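1. Predicted model and sequence follow; I will ask about them next.
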Amino acid sequence: MRSSKTIHVISCHAEGEVGDVIVGGVAPPPGETLWEQRSFIARDRTLRDFVLNEPRGGVFRHVNLLVPPKHPEADAAFIIMEPEDTPPMSGSNSICVSTVLLDSGIIAMREPVTELVLEAPGGLVRVRAECRNGKAERIFVQNVASFAGKLDVPLEVEGVGTLRVDTAYGGDSFVVVDAKALGFAITEDEAADIARLGVRITRAANEQIGFSHPDLPDWDHISFCAFCGPLSETAQGLTGRSAVAIRPGKVDRSPTGTAVSARMALLAAKGKMKPGDTFEAVSIIGSRFMGRILGEQSVGGQMGIVPEISGRAWITGVHQHMLDPDDPWPSGYRLSDTWGAQ
């Protein structure tokens, strides 16, 4: 088989959400820091288009590029590529990357627990993996500092009316809405409606509310809309369903680790959680991430939390993505039937 480009990928999913990992065939992008490398990939788009666009990708796919770490404490580094964003951090993707590193032998596994440090564009994340019989069975990720943004502010959404929403950061930026108030129980048959409405709410929130990270000035938009269901108490803490709408129009199959972190930051800001408390998030397909507040941390002069999230991931295959030199669509393509209106 002839190919002018061959990219080696280990495919993986974390609690249902795809998070493939590029392990070869791509040189590290230019940049003195991981954030600069992330920014190059976002601007250049060559790699993003190749692995995310059809026919190699699709709206359901997230892809992570392994790169040498810049921080001396880090064992490995990764850059996250999502359908419309190249974000600071991702919970499901960090769980996939950790699983691929350990299950494939890129980083030596030590049973029953392996500890490692990953560098994401948004900062260091510390990982603890419970391992048995050569498998990383559960990944615990100490996420970047997370914080509440605006609380209970009005948002006008065409065709819906005025909503009361919160904004928050959990490694990525969110507008958070009450799912029940919008008529959603967060069940699988609601996925298309949640995805479409969530993109509209995100667009309205960027126009009317906005977002700015105090330490990452380039991150100046809201990425996602989180539909959060009612909370209930368990013997371990709080639990609740949620669904995150990802641009250009899909629902995260996992409970979304950055959304769990953002929701815990909001609950802490509202006095409903404190360090040591736990929160179990349930996704639209019934998969689960466990969250815990490890402590408090100031972010740009405002109080935030240090969240931990945990979940499981499984390798689904090994792929070599190729480009025939005669392929008339070397960068792939996107159509609005699955990618939404562009």
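-> Noted; the coordinates are in hand. Residues are numbered from 1 along each chain as shown.
2. What residues sit buried inside the helix with the most length in the chain?
-> Secondary structure of the chain per DSSP state H: the longest helix is helix 191-208. Neighbour-count burial for helix 191-208, counted by 16 or more other Cβ atoms under 10 Å, picks out 191, 194-195, 197-206. Where C-beta positions appear, they are placed from N, C-alpha and C, glycine not excepted.
3. Output the contacting helices and strands for it.
-> In terms of contacts (3 or more Cβ pairs under 8 Å, 6 or more residues apart in numbering; DSSP states H and E), helix 191-208 is packed against strand 153-157, strand 161-169, strand 173-178, strand 224-228, strand 238-246, strand 250-251.
4. the inter-axis angle of the fifth one versus strand 224-228?
-> Compare the direction of strand 238-246 with that of strand 224-228 by axes from the mean of the first three to the mean of the last three Cα atoms, to 10 degrees and you get 150 degrees.
5. For strand 238-246, list the C-alpha coordinates in CSV.
-> What follows is strand 238-246, C-alpha atoms only, in CSV (Å, rounded to 0.1, in the frame of the first residue of the first chain):
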residue,chain,number,x,y,z
LEU,A,238,-24.1,13.3,45.8
THR,A,239,-25.1,11.8,42.5
GLY,A,240,-26.8,13.2,39.4
ARG,A,241,-27.2,12.7,35.6
SER,A,242,-25.8,15.1,33.1
ALA,A,243,-25.2,15.5,29.4
VAL,A,244,-22.7,17.7,27.7
ALA,A,245,-23.4,19.1,24.2
ILE,A,246,-20.2,19.3,22.2
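6. report the angle between the axes of that strand and helix 191-208?
-> Here strand 238-246 runs at an angle of 80 degrees relative to helix 191-208 (the same axes, to 10 degrees).
7. so how far is strand 238-246 off the chain centroid?
-> Relative to the centre of its chain, strand 238-246 is centred 13 Å away, using Cα atoms, centre = their mean, to the nearest Å.
8. Likewise for the fourth one?
-> Using Cα atoms, centre = their mean, the mean C-alpha position of strand 224-228 is found 13 Å from that of the whole chain.
9. Quick check: which helices or strands does the helix or strand following it pack against?
-> Next along the chain after strand 224-228, taking DSSP states H and E as the criterion, comes strand 232-233. For strand 232-233, the packing partners by 3+ Cβ pairs under 8 Å, 6+ apart come out as strand 238-246.
10. Got the phi and psi for the residue nearest to Ser287 when sequence neighbours are not counted?
-> Distances taken as Cβ to Cβ, 6 or more residues apart in numbering place Glu15 nearest to Ser287, at 3.6 Å, with adjacent residues excluded. Backbone torsions for Glu15, taken as degrees, to the nearest 10, come to phi 50, psi 40.
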